[in-house]
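Undergrad: after the sequence you'll find the predicted model.
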Amino acid sequence: MDSLQQLEARRLAILDSMKAIRSLRRGSITEQFFPILRQGQKQAARRGPYYVLTRHRGRKTVSQRLTTPEALHQAQSDIEAFKRFLALCHEFEQLTEKLGELERGTEAKKKRLKSGSNKIEK
């Protein structure tokens, strides 16, 4: 079982990790290929891949073509940072819930001990 100090230390470490994230983006990267029919050929050749960052903004899907290797690398890093951020948020939520349960459990034990010792014996 984790102590209150251990839980609080881990929560602070999570917040520090969140502060260290400087750039993040929702979305996913997909590859697009386009069929190109060249003169004199019966079968279309595939052209690509073209990398596209796709995300939802409200009810619409927004796509942005990533035209350089640097843009692709940055988008991949930002998406990974977003996933890491979500995992940290989830862990923070679980730790905070556990911390609250431990604190409430400690208070309930204290109250029971106090109420039990205040009884007058007849």
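TA: Yep, it's here.

Undergrad: mind listing the strands the longest strand along the chain pairs with, and their directions?
TA: For the chain, the strand that runs over the most residues, judged by DSSP state E, is strand 45-57. Using DSSP bridges, strand 45-57 pairs in its sheet with strand 28-36 (antiparallel), strand 60-66 (antiparallel).

Undergrad: dump these into JSON lines; add mean pLDDT as well.
TA: As requested, the strands paired with strand 45-57 are exported to JSON lines (pLDDT from 0 to 100):
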{"stretch": "strand 28-36", "mean pLDDT": "94"}
{"stretch": "strand 60-66", "mean pLDDT": "96"}
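
Undergrad: same for the worst-scoring helix or strand of the chain on mean pLDDT, what does it pack against?
TA: When each helix and strand of the chain is scored by mean pLDDT, DSSP states H and E, helix 69-117 comes last, with a mean of 86. Contacting helix 69-117 under the criterion 3 or more Cβ pairs under 8 Å, 6 or more residues apart in numbering; DSSP states H and E are the following elements: helix 4-20, strand 28-36, strand 45-57. Just so you know, the C-beta spots here come from the backbone N, C-alpha and C atoms, and that holds for glycine as well.

Undergrad: tell me the angle the shortest one makes with helix 69-117.
TA: Taking axes from the mean of the first three to the mean of the last three Cα atoms, to 10 degrees, one finds that strand 28-36 is oriented at 150 degrees with respect to helix 69-117.

Undergrad: any chance of a markdown table for the helices and strands packed on helix 69-117, columns mean neighbour count and distance to E93?
TA: As requested, the helices and strands packed on helix 69-117 are exported to a markdown table (neighbours: other Cβ atoms under 10 Å; distance: least, Cβ to Cβ, whole Å):
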| stretch | mean neighbour count | distance to E93 |
| --- | --- | --- |
| helix 4-20 | 13 | 10 |
| strand 28-36 | 11 | 24 |
| strand 45-57 | 13 | 23 |
